[in-house]
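here are the coordinates; sequence isn't available:
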């Protein structure tokens, strides 16, 4: 990373896929390095992943990461500015205000704002790192507001539009956290999510964190949006208790006190094995047992707590509900909700608060099969593998027995299936089309190694109106009426879409405000040459 003047951006933060868990701070030379496994994880979260660099006092810079690119260079932009006019509910200017800012792309904490006073209640905000974000304004007398702010880059601050912010009733609200016996809970964690409306591209949100004191109390900011249509949501967590989520409306803010009750929880360990006792990975769901859940489940809705079951067949519900009828369900590792049934479901004995128990689930008529995926050149590839039974008597039975699993390159994935003939559909990662094969699962089948021969490609170079290559841009390929598959351009503007069997209809670009622009392809496959970005 470099600053606008070309010097190294030491101390800049770089995030992969916009997630703070995959972030690093630049060294003295402005460099950061991410392990290949971290990049792979980011691609699973968002593909292509957006790499975003930020540094206090400078505008952020982002670039999409194309496959195969091992090094990128980012030059931070000049910072953004905004002008605000703060008034009370009666319209009087307010000069004594506290300002906090949270950019639209940030995963970090709220930050203070550099400001200078322009006049009664008017302020120039400078060195904002992003064009769009949330501004929290607080003033004496329990006045507050949260607004979405759109900044600008202008040479003369007098040319900035003025955002008028009307303060409403605010100030701290006391949240008291107790258990289901009425005892206060010290050390409970409160996460307040603040939303503010956006007409253009969806509501922005940001978080504030709190911890309860020995009396189980915390002082929470009452910050309704200034136009009255925003609000707050508070998630409350405490060791050994169920999580609670409270939607806070204006009347609760005005009352000045909110009481949240957390149910005492149990701990449930789950072990899932196949007919031969081998561990099976997937998901386990624990929910209250009633007919409503059963009907919703048939419609593809998952109610209750969901945990992952690892390759050894182990999963743990750390905060399981207690003292109520419960149903335990086991889902395949590639469960997609609408089409796939449970592998196993049953009502279990009630749990006791503060106690631990283990449930062993035996999938008596199923065998674990490990799936590997390779290209025609023998190299491991990633993709989704779906098995549909050829022995099914009708479409309904085929749907009940269909299973999918996501295979990572070089790593086996687990399915737990019955013996018989299957039609396997393979959708390699970032391919436009998939392929089908026939396989037989027998009683001694332990693994499937599936090989996929390459299909056609669509490739080209993305350039601007002057013919200059555009690196790190997101571009999509659309086929018929399907949703586009996206890729990123590399350092010389090249893009590539693999696995094309159906004639593509258009290239898709993302324009200002999220609007989609497109260039018709009329079925063209192969090398497209230079493609001009349709700005």
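Structure received. These numbers were taken from a predicted model, which means no experiment stands behind them.

where along the stretch 251-400 of the chain do the strands fall?
Ranges of strands within the stretch 251-400 of the chain are 257-262, 266-273, 282-288, 305-309, 314-320, 326-331, 344-348, 356-362, 367-375, 383-389, based on DSSP state E, counting those that start in this stretch.

what packs against the first one?
So that's strand 257-262. strand 172-179, strand 231-237, strand 244-248 (3 or more C-beta pairs under 8 Å, 6 or more residues apart in numbering; DSSP states H and E). Just so you know, the C-beta spots here come from the backbone N, C-alpha and C atoms, and that holds for glycine as well.

Mind putting those into JSON lines with distance to residue 14 and mean pLDDT?
Formatted as JSON lines, those follow (distance: least, C-beta to C-beta, whole Å; pLDDT from 0 to 100):
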{"stretch": "strand 172-179", "distance to residue 14": "35", "mean pLDDT": "91"}
{"stretch": "strand 231-237", "distance to residue 14": "28", "mean pLDDT": "85"}
{"stretch": "strand 244-248", "distance to residue 14": "32", "mean pLDDT": "86"}
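
Make JSON lines out of the strands of the stretch 251-400 of the chain and add mean neighbour count.
Shown next, in JSON lines, are the strands of the stretch 251-400 of the chain (neighbours: other C-beta atoms under 10 Å):
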{"stretch": "strand 257-262", "mean neighbour count": "16"}
{"stretch": "strand 266-273", "mean neighbour count": "21"}
{"stretch": "strand 282-288", "mean neighbour count": "21"}
{"stretch": "strand 305-309", "mean neighbour count": "17"}
{"stretch": "strand 314-320", "mean neighbour count": "20"}
{"stretch": "strand 326-331", "mean neighbour count": "22"}
{"stretch": "strand 344-348", "mean neighbour count": "15"}
{"stretch": "strand 356-362", "mean neighbour count": "15"}
{"stretch": "strand 367-375", "mean neighbour count": "21"}
{"stretch": "strand 383-389", "mean neighbour count": "21"}
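
out of those strands, nearest to residue 184?
Judged by C-beta to C-beta, the one of these that comes nearest to residue 184 is strand 257-262, at 10.4 Å.

Tell me the strands beside that closest one, with direction?
Strand 257-262 has its sheet partners listed here by DSSP bridges as strand 172-179 (parallel).

Which positions in the partner strand come out as buried?
173, 175-179 (16 or more other C-beta atoms under 10 Å).

Kindly reformat the helices and strands packed on strand 257-262 as a markdown table and extend each row with distance to residue 62.
What follows is the helices and strands packed on strand 257-262, written out as a markdown table (distance: least, C-beta to C-beta, whole Å):
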| stretch | distance to residue 62 |
| --- | --- |
| strand 172-179 | 36 |
| strand 231-237 | 27 |
| strand 244-248 | 31 |
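
these two touch, right, residue 517 and residue 534?
Yes: with contacts counted by C-beta atoms under 8 Å, residue 517 reaches residue 534, the gap being 4.8 Å.

the more surrounded of the two?
residue 517 (14 against 11; other C-beta atoms under 10 Å).

what's the spacing between the more buried one and residue 266?
Separation of residue 517 from residue 266 (C-beta to C-beta, to the nearest Å): 53 Å.

Same question for residue 470.
Residue 470 is 55 Å from residue 266, where distance means C-beta to C-beta.

so what sits against both of residue 517 and residue 534?
Overlap of the contact sets of residue 517 and residue 534 (by C-beta atoms under 8 Å, 6 or more residues apart in numbering) consists of residue 509.

okay, now residue 14: neighbour count?
Neighbourhood size, residue 14 [other C-beta under 10 Å]: 24.

Next up, the contacts around it.
Listed by C-beta under 8 Å, 6+ apart, the contact partners of residue 14 are 1, 23-26, 32, 51-53.

Now, of those, which are buried?
Neighbour-count burial (16+ other C-beta under 10 Å) applied to the contacts of residue 14 gives 1, 23, 26, 32, 51-53.

lowest-pLDDT helix or strand in this protein?
Least confident helix or strand of the chain, by mean pLDDT, DSSP states H and E, is helix 291-298 with a mean of 54.

Which parts of the stretch 101-250 of the chain are helices?
Assigned by DSSP state H, counting those that start in this stretch, the stretch 101-250 of the chain shows helices spanning 250-255.

one step back: relative to residue 365, which of the contacts of residue 14 is nearest.
Comparing the contacts of residue 14 against residue 365 with C-beta to C-beta places residue 23 closest, at 46.0 Å.

and the lengthiest helix in the chain, what's its mean pLDDT?
Of all segments of type helix in the chain, defined using DSSP state H, the longest is helix 36-45. For helix 36-45, the mean per-residue pLDDT is 86.

I'd like to check what contacts whatever helix or strand comes next after it. Which residues are they?
Reading on from helix 36-45 to the C-terminus, the next helix or strand found by DSSP states H and E is strand 50-54. The contact list for strand 50-54 (C-beta under 8 Å, 6+ apart) reads 1, 9, 12-18, 26, 60-65, 72, 74, 76, 103, 105-106, 129-130, 472, 474.

Just these: which are in strands?
Taking DSSP state E, the ones among these that sit in strands are 13-16, 61-64, 103, 474.

And those, which of them are buried?
Buried members of the ones in strands among the contacts of strand 50-54, counted by 16+ other C-beta under 10 Å: 13-16, 61, 63-64, 103, 474.

okay, those in CSV with pLDDT next?
As requested, those are exported to CSV (pLDDT from 0 to 100):
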residue, pLDDT
13, 90
14, 92
15, 89
16, 89
61, 88
63, 91
64, 92
103, 83
474, 90
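
which of the residues you listed lies closest to residue 438?
Nearest to residue 438, judged by C-beta to C-beta, of these is residue 474 at 36.9 Å.

need the contact list for that closest one.
Shown in contact with residue 474 (C-beta under 8 Å, 6+ apart): 48, 50, 64, 486-488, 509-510.

PyMOL command for the buried members of these?
When burial is assessed using 16+ other C-beta under 10 Å, the buried subset of the contacts of residue 474 is captured in PyMOL by this command:
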select buried, resi 48+50+64+486+487+488+509
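
Which two among the contacts of residue 474 are spaced furthest apart?
Within the contacts of residue 474, 50 and 509 form the most distant pair, 15.2 Å apart (C-beta to C-beta).

Poorly predicted segments of the stretch 151-300 of the chain, please.
Applying pLDDT under 70 to the stretch 151-300 of the chain flags residues 155-156, 170-171, 197-203, 223-231, 250, 253, 290-300.

same thing but at 50, please
By pLDDT under 50, the weakly predicted segments of the stretch 151-300 of the chain are 199-201, 225-229, 299-300.

follow-up on the earlier one: please give the centre-to-centre distance between the longest helix of the chain and its chain.
Mean C-alpha position of helix 36-45 versus that of the full chain (C-alpha atoms, centre = their mean, to the nearest Å) differs by 13 Å.
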